[in-house]
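Participant: After the sequence you'll find the predicted model.
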Amino acid sequence: MSEALLEIKDLVVEYHTDEDDVHALNGITLSLDKGETLGLVGETGAGKTTTALSIMRLLPKRIGEVKGGEIRFEGQDLLARTEAEMRLIRGESISMIFQDPMTSLNPVIRVGDQILEALKLHRPDMSRAEQAKKVDEMLEMVGIPAARKREYPHQFSGGMKQRVVIAIALALEPRLLIADEPTTALDVTIQAQVLQMMNDLKTKLDTSMLLITHDLGVVSQTCDKVAVMYAGEVVEYGRAEDIFLGSRHHPYTEGLFGSLPGLNASAKRLSPIDGLMPDPTALPEGCRFHPRCPHCTERCRAEAPAQYLRNGHMIRCHRMEEEVR
Amino acid sequence: MAAPLLEIQNLKKYFSTPAGQLHAVDDVSLTIEAGQTLGVVGESGCGKSTLGRTVLRLLEPTAGKVLYNGEDITRFNKQRMFQARQELQMIFQDPYASLNPRLSVAEIIAEPLIVAKRCRSRAEMNDRVAQLMETVGLAPRLMNSYPHELDGGRRQRIGVARALATDPRFIVCDEPVSALDVSIQAQILNLLMDLQDEKGLSYMFITHDLSVVKHISSHIAVMYLGQCVEYAPTQELFAHPAHPYTQALLAAIPVIDITRRGKQLETIQGEVSSPIDPAPGCRFAPRCKYACEGCIAGRMELRQLSAGHFVACPYAR
């Protein structure tokens, strides 16, 4: 096995509020190899963004707490780093693109200066002229004329702003790029442009990517591996082929696919998952999915299923037990 | 053929801005038959929401007619419009912003009943509210809850119940599922389709999501910068997209097909131009790979390509 760039083991994260503890992540295990793209799929509240924030060590202070597990990046434990060390890792080795391009740029700073900021902090030995040249290069690379670097974010459209955000994230050529719903706020034709560009840049710079999205179409076209998350757990994990072509799935994954109005399929009725995502302050006993699962048995109510692994394809469901044996 | 339930004729809605006239809806003509669904698709800023609002006269049209059962509602006086509104309803996009946070679920659903004076007694109203909640799949125990206590899917069900309160025949659904997760989205789409079968409702379904629109619509109108560029029965549109913009839109959707992974997506370059005082000629021409001189000068009219299939491109076939 090639060495993993990022390894997450049994990560548990809680948010503390005045009344309750929110169980955001309940022991997730993931790994990402160099040059690969891993897709994190799931609905609102599944813990996708919490995973990303934990890797970046950007969980809200005092409220968010890592209760257990480890996050290893290139072999070193990120959770043991000091804040000063993290500051060097962020941007330099791992950088993140946030969901909403409209709010992740500073409205009163010119876009060129926002890219420059990363260079000033992380490349103090570069001369000013070199830094300015790099800013121009980055803008051109994401398809924005360098002449526009003196403009402010409000002068750009949504797609252009997201390109600027990507330019900032890639300015230091990080080895891991975390993209949290990078195209959700964009129209489809612009989304196609941005995804295309991210794919090209990823190949060019040999960056690994953790792509967070709820759009299975986007995942199928960009990711090598896919992790399906539900209620703070990874319920299914495998290569894209396993998830999209494989015959065995977690019932939640089946539900997700059944909910999609397909462009090619002509099903008259959708087959959605009944019910709602459980409240993360009071997760159900046993399998977290059992209240919504069509195959639920007594055992599912009482006992949490193990992770059944076959040929690198993991499914967390009791129904897989006899298959694996 | 029966007369269409709703006929939109040359509808225009312009907004005055300091920079000039913003052509939000520019000369759109469409028809919706009883019991059918017209899907209106397009990207943000193409005027699809404005079209929906103008059809219901929530915005006064600049020019054009909206015929409902053959009568032009844009000429109705206040009182007749009040009557017509009961049959013409709307479901809004954002289930978080479209519900009054200070009213309980029952009060929100009862509001149209009170406004339209449809119930003679409080008991009758309570029955009607309970019945509406059951229709849309809301548990009776939620009657006294407030919107902030509920999730997006349940809130959108309140929006649907409110729209149904006055027994409408036509509902404009403005991106009713865009703010919802896929599994919840599927529940709401199923609900809307069941209600249509049950009550013979007609929908104008506004969305940017082509897979949703394919699922729910019988006809589709594709809009670009205020104009309808293609209008066809759903099957026909997906089988033979004729306008270059429709083709590009279909090609840009990420479909679940891992054989296409890493392959070049066919993308259209550039972005939507400004809708303020647009230049004559085809508005898609600056992004169109087939554009020629004729496109920049010529006037684009919808023409019939085959039965029921209209396209606003002189070169499409």
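Facilitator: Arrived safely, thanks for sending.

Participant: drop to CA atoms for contacts and neighbour counts, all remaining ones
Facilitator: Will do.

Participant: mind checking the SS state of the residue positioned nearest the centre of chain B?
Facilitator: Taking Cα atoms, centre = their mean as the criterion, residue B:206 is the residue nearest the geometric centre of chain B, at 2.5 Å. Classification of residue B:206 using DSSP: H, G, I helix; E, B strand; the rest coil returns strand.

Participant: I'd say it and residue B:175 touch.
Facilitator: Yes: taking Cα atoms under 8 Å as the definition, residue B:206 is a contact partner of residue B:175 at 5.4 Å.

Participant: Tell me who's in contact with the residue nearest to the centre of chain B.
Facilitator: By Cα atoms under 8 Å, 6 or more residues apart in numbering or on different chains, the contact list for residue B:206 reads B:39, B:40, B:41, B:48, B:49, B:52, B:172, B:173, B:174, B:175.

Participant: can you check residue B:244 too?
Facilitator: B:288, B:290, B:316.

Participant: One more pass at 10 Å, please.
Facilitator: B:229-230, B:250, B:268, B:284-285, B:287-291, B:311-313, B:315-316 (Cα atoms under 10 Å, 6 or more residues apart in numbering or on different chains).

Participant: ok, how many other residues are close to residue B:250?
Facilitator: As a burial measure, residue B:250 scores 19 neighbours (other Cα atoms under 10 Å in any protein chain shown).

Participant: Now it: which helix or strand?
Facilitator: helix B:244-252 (DSSP states H and E).

Participant: okay, and the helix or strand of chain A with the least pLDDT?
Facilitator: Every helix and strand in chain A was compared by mean pLDDT, DSSP states H and E; the lowest is helix A:321-324, with a mean of 69.

Participant: Of the contacts of residue B:244, select the buried ones using a PyMOL command.
Facilitator: With 16 or more other Cα atoms under 10 Å in any protein chain shown as the burial test, the buried ones among those are selected in PyMOL as follows:
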select buried, chain B and resi 229+230+250+268+284+285+287+288+311+312+313
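
Participant: Surely residue A:165 touches residue A:118?
Facilitator: No: with contact defined as Cα atoms under 10 Å, residue A:165 does not count as touching residue A:118 (11.6 Å).

Participant: name the helices or strands packed onto the strand or helix carrying residue A:13?
Facilitator: Here residue A:13 sits within strand A:4-16, counting by DSSP H and E. Applying 3 or more Cα pairs under 10 Å, 6 or more residues apart in numbering or on different chains; DSSP states H and E, we find strand A:4-16 packed against strand A:21-33, helix A:48-56, strand A:64-73, strand A:76-77, strand A:208-213, strand A:233-239.

Participant: let's see it at 7 Å
Facilitator: strand A:21-33, strand A:64-73 (3 or more Cα pairs under 7 Å, 6 or more residues apart in numbering or on different chains; DSSP states H and E).

Participant: Just the pLDDT at residue B:1, thanks.
Facilitator: We have a pLDDT of 49 for residue B:1.

Participant: who in chain A is up against chain B?
Facilitator: Neighbours of chain B within chain A, by Cα under 7 Å from any Cα of the partner chain: A:43-44, A:187-189, A:192-193, A:196, A:216-218, A:220-222, A:256, A:259-263, A:269-270, A:272-273.

Participant: Show me these that map onto helices.
Facilitator: Among these, DSSP state H puts A:188-189, A:192-193, A:196, A:216-218, A:220-222, A:256, A:259 in helices.

Participant: tell me the strands in the stretch 101-250 of chain B, going along the chain?
Facilitator: B:170-174, B:202-207, B:219-224, B:227-233 (DSSP state E, counting those that start in this stretch).
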